[in-house]
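>>> Just a sequence and a predicted model for now, questions to come.
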Amino acid sequence: MTVSRRDFMKNSVLGAVAAGVGVPGMDAHPQAENAGRGHASEGDTRRPTIICAHNGYAYVEAAYASLKNGADTLDVGIQVVKGPEDDPNDDSVGLGGLPNEEGVVELDACCMHGPTRRAGAVGGVRNIKNVSMVSKAVFHNTGHVMLVGEGAERFAVAVGFPRENLLTDRSRKIWLLWKEFNSDRDWWGPGIADPSWRPPGEQPKPQAELWRDRIEHLRHRAADLGIEPEFQMAAVRRVLFPPTGTIHCSVLSEKGEMSGITTTSGLAFKLPGRVGDSPIIGAGCYTDQDVGSAGATGSGEENIKVAGAHTIVENMRRGMVPQDAAMDALKRIVRNYNGDMTRLRYMDMTYYVLRKDGTYAGVSLWEGYSSGHPHTFVVHDGRLRSETATPLLKGFSQEWPPHPTVPEELKKNSEYLK
Ligand code: GLY
């Protein structure tokens, strides 16, 4: 589904208004305060419960069976997220994760164990696939909470994790495509002697035409590099809009014990050493045994600045229901940009929230990606299902294909925004 620039501007502003996020010069929509409040009413206890990101779906049924059989909540969370970590075709986590700008996979994870109130985290780990388990090992085998980089890798090996090459052939090819695309001043990509070489465009072209050319060129190069036809456009998308991937899982047991865990390969093609929100306790994940658990997937830098998961849990502690608690964290992100939709459209965030009584919510900054895929999350509270996240803003992030820049005078014209 393609959202036109006009619709995008219109919808995002209306969405922001409906959500009461304070777009300058506009009043909050009166119905916003009565928006949906979460998926179980007060006192409607549903235990046990698992909530996780969409990419955990295939692993939740088995994990739920473990939970029913009395497994520890953190082990159940790890059972879910280990699935995508082990899957070479999930390029957002673990093995096959998209690498940093140098083509090296660097993984991040953190976890919190509610019953014992312990926490562990690892950041920028190379060559170790199951960093979710390594984050647990940090609190299990050391007196520390967080290990990073080479030290984290050496620790993982010391406690028995195997070193392995995490860069799959597919992820390497996508990285190569990205490297070539961003390389108009070095020697990456076909040289002048190559029959497929084309001189840089000499005639100025309209933006839309330039984008069409770029996308076509990238798709051809993806084919040349041997990327499977059915995955070529997905590879192009990853090059143009480097994803943040990630999986979070929060778990509540029959006994009322809770844990949370988040693991990721982070932002694709990041600077070596960059860590996002996923290994930051309080941002990518936060669990308080007395209150609930929350986690995040999406734009790590933005989530760190609002300490998203901690903000949500603290909001619930003060009495907010999960959905309102998470909407408040999203509004803080919007506030950090003064409601500037031109900037906000280049970021996204999904929060997964589970309160101690089993009430849960999945909320997102935008409805989904402009490819037409809505943000979804997975819940199991006796019945496994996928649900659509409730968006704060109407519209889609990272418009695809990107439209020409809208002239400033049009943006300022209020008629245009109606
Ligand atoms: N949320 C994952 C990251 O930004 O690294």
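Looks like it arrived, so ask away.

>>> Which positions in stretch 322-338 come out as buried?
322-334 (16 or more other CB atoms under 10 Å). C-beta coordinates here come from the backbone N, C-alpha and C atoms, glycine included.

>>> The residues you listed: which two are farthest apart?
Farthest apart among the buried residues of stretch 322-338 by CB to CB are 322 and 334. That separation is 18.9 Å.

>>> Would you mind naming what in the chain lies close to the ligand?
244, 246, 264, 266-267, 276-278, 297-298, 300 (CB under 6 Å from any ligand atom).

>>> Now list the buried members of those.
Buried by 16+ other CB under 10 Å: 244, 246, 264, 266-267, 276-278, 297-298, 300, out of the residues of the chain next to the ligand.

>>> so which one among the residues you listed has the lowest pLDDT?
Note: of those, the lowest pLDDT belongs to residue 244, at 84.

>>> measure it to residue 331 for me?
Using CB to CB, to the nearest Å, residue 244 is found at 20 Å from residue 331.

>>> same check, this time on residue 120
Distance of residue 120 to residue 331, computed by CB to CB: 30 Å.

>>> where are the low-confidence patches of the stretch 101-250 of the chain?
185, 201-203 (pLDDT under 70).

>>> one step back: out of the buried residues of stretch 322-338, which is nearest to residue 366?
residue 330 (9.7 Å).

>>> Please tell me how far the closest one sits from the ligand.
14 Å (CB to the nearest ligand atom, to the nearest Å).

>>> Quick one: list the elements packing against the longest helix along the chain.
Ordering each helix of the chain by length in residues (DSSP state H) puts helix 207-224 first. Counting contacts by 3 or more CB pairs under 8 Å, 6 or more residues apart in numbering; DSSP states H and E, helix 207-224 packs against helix 169-181, helix 232-240.

>>> Using TSV, please lay out these together with mean neighbour count.
Putting the helices and strands packed on helix 207-224 into TSV (neighbours: other CB atoms under 10 Å) gives the following:
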stretch	mean neighbour count
helix 169-181	20
helix 232-240	20
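
>>> can you redo those helices as JSON lines with distance to residue 133?
Below are the helices and strands packed on helix 207-224 laid out as JSON lines (distance: least, CB to CB, whole Å):
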{"stretch": "helix 169-181", "distance to residue 133": "21"}
{"stretch": "helix 232-240", "distance to residue 133": "27"}
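
>>> shouldn't residue 157 be in contact with residue 150?
No - assessed by CB atoms under 8 Å, residue 157 is found out of contact with residue 150, at 10.7 Å.

>>> Could you dump the residues of the chain next to the ligand into a markdown table and include distance to residue 94?
Shown next, in a markdown table, are the residues of the chain next to the ligand (distance: CB to CB, whole Å):
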| residue | distance to residue 94 |
| --- | --- |
| 244 | 15 |
| 246 | 11 |
| 264 | 9 |
| 266 | 11 |
| 267 | 15 |
| 276 | 15 |
| 277 | 17 |
| 278 | 12 |
| 297 | 14 |
| 298 | 18 |
| 300 | 17 |
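
>>> in the stretch 251-400 of the chain, what spans have low per-residue confidence?
Ranges of the stretch 251-400 of the chain meeting pLDDT under 70: 370-372, 399-400.

>>> where exactly do the strands run in it?
Under the criterion DSSP state E, counting those that start in this stretch, the stretch 251-400 of the chain contains strands at 258-264, 285-288, 292-298, 349-355, 360-364, 368-369, 376-380, 384-388, 390-391, 396-397.

>>> and residue 238, which of those is closest to it?
strand 368-369 (11.7 Å).

>>> Residue most distant from the centroid, the protein?
Within the chain, the residue lying farthest from the chain centre (CA atoms, centre = their mean) is residue 193, at 41.1 Å.

>>> What is the distance between stretch 166-177 and the centre of its chain?
20 Å (CA atoms, centre = their mean, to the nearest Å).

>>> wait, stretch 176-192
Distance, centroid of stretch 176-192 to centroid of chain: 28 Å (CA atoms, centre = their mean).

>>> do stretch 333-352 as well
On CA atoms, centre = their mean, the centre of stretch 333-352 falls 14 Å from the chain's centre.

>>> And the buried ones among the residues of the chain next to the ligand, which is closest to residue 367?
Checking these one by one against residue 367 (CB to CB), the nearest turns out to be residue 298, at 13.3 Å.

>>> From residue 115, how far out is that closest one?
Separation of residue 298 from residue 115 (CB to CB): 28 Å.
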